[in-house]
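Engineer: would you be able to build a 3D model of this:
(one chain, ligands or ions: 1)
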Amino acid sequence: MLSYQHAYHAGNFADVHKHLTLHAVIDHLLRKDSSITYIDTHAGRGLYPLDASETLRLQEYREGVIPLWKARQALANEPLLSDWLAALANAQPAPSRLTHYPGSPWWMGHRRRKGDRQWLFELHPGEHEHLAQQPFSEAVERIHGDGLKGLLQRVPVKTPRLCVLIDPSYERKAEYHEVAETLLTAMHKARHAVVLVWYPLLPAGRHRELLEGLRDGGLRKVWYGEFIRQSPREGERGMFGSGMLVVNPPWGLDERLAAAMAPVVDSLGAPGSYRSGWWVGE
Ligand code: SAM
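Structural biologist: Numbering: from 1, shown residues only. Okay, the predicted model is just below:
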């Protein structure tokens, strides 16, 4: 079953949280010269025009990226968030107008240097076709296939450093367990990899299977950040928040993201909150 299409949700609050976290991690990684392999296991289309029929259907970006874009001058004092918004402006055909929302392949790759590699996996044939048409450089390899299997086939990598994003749609309940198992195996093969995993906060609380699976599997240095948009309502099925976990987070990430997420929470309006910390420490 592959029915999920990210275009319906592009630019929503979870995308903002996910891509701001990704941006912060990469910003830290780029402080050193040694080359990096970036792996995006669930890449999606890569770029989302906000006037696409799918994106217009739910217009989730109105309660995600739009309030931040409108407030961008007032947010100029917050270094990480203003840097993220400047990057977002650079992704636009005309930097003064927000007409497109870039997906993780863009956020991962827009500061790629000579010697860095980028591998994008996408399983859905239609989504892969969109991705294949994006004008990314030849250095970006786009693979039509399963990203979790692909990750295990490709680690360890030849570059000194590795940064992985795992961003499934969790259409199947088994995906929480599959992500945990894949991550535990991958970390045995690439112990220093910096890995980001997105997870939804849903009333059923299935993300705990993922987090507990990692802890019970003995993984160390697992940090998490969670952006809560509303209280979970019993009996309802909707996503009430967005979670990101980072294995081997760069030093200082927690403080930088907490400072950037505070104005995000304020700009997106009540109710909302952000919390972060070690899920499993050293
Ligand atoms: N990472 C993207 C971003 O931030 O812009 C969004 C990805 S979306 C949440 C999940 C994507 O994973 C969908 O496009 C879906 O077709 C794809 N997908 C689902 N199962 C997959 C698998 N096993 N391997 C690779 N891609 C998969």
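
Engineer: can we go C-alpha only for contacts and neighbour counts from here?
Structural biologist: Noted.

Engineer: hey, where'd the helices end up in the stretch 101-250 of the chain?
Structural biologist: 104-109, 125-132, 147-154, 174-189, 207-216 (DSSP state H, counting those that start in this stretch).

Engineer: need the ones you listed in TSV with distance to S96, mean neighbour count and mean pLDDT, can you?
Structural biologist: Compiled in TSV, the helices of the stretch 101-250 of the chain are given as follows (distance: least, CA to CA, whole Å; neighbours: other CA atoms under 10 Å; pLDDT from 0 to 100):
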stretch	distance to S96	mean neighbour count	mean pLDDT
helix 104-109	19	22	98
helix 125-132	25	17	96
helix 147-154	35	17	98
helix 174-189	39	17	98
helix 207-216	38	18	97
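
Engineer: a markdown table for these, including distance to T55?
Structural biologist: Formatted as a markdown table, the helices of the stretch 101-250 of the chain follow (distance: least, CA to CA, whole Å):
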| stretch | distance to T55 |
| --- | --- |
| helix 104-109 | 16 |
| helix 125-132 | 14 |
| helix 147-154 | 24 |
| helix 174-189 | 25 |
| helix 207-216 | 26 |
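
Engineer: so which of the ones you listed is nearest R97?
Structural biologist: Smallest distance to R97 across those (CA to CA): 17.9 Å, for helix 104-109.

Engineer: list the helices and strands that closest one packs on?
Structural biologist: Packed against helix 104-109, as judged by 3 or more CA pairs under 8 Å, 6 or more residues apart in numbering; DSSP states H and E, are the following elements: helix 13-29, strand 36-40.

Engineer: and L88, what does it touch?
Structural biologist: Shown in contact with L88 (CA atoms under 8 Å, 6 or more residues apart in numbering): Y101, P102.

Engineer: next: T159.
Structural biologist: T159 neighbours (CA under 8 Å, 6+ apart): S34, S35, I36, T37, D116.

Engineer: tell me which two in the residues you listed are the farthest apart.
Structural biologist: So for these, where distance means CA to CA, the most widely separated pair is S34 and T37, at 10.3 Å.

Engineer: need the overlap of contacts for the two.
Structural biologist: By CA under 8 Å, 6+ apart, the residues touching both S34 and T37 are T159, R161.

Engineer: so L245 touches F227, yeah?
Structural biologist: No: in this structure L245 lies outside contact range of F227 using CA atoms under 8 Å: 11.7 Å.

Engineer: residues near A43, how many?
Structural biologist: 27 (other CA atoms under 10 Å).

Engineer: quick one, phi/psi of it?
Structural biologist: The phi and psi values for A43, taken as degrees, to the nearest 10, are phi -80, psi -30.

Engineer: quick one, what contacts it?
Structural biologist: Contact analysis of A43 by CA under 8 Å, 6+ apart lists G103, S104, P105, L120, F121, E122, D167.

Engineer: nothing else from me, thank you.
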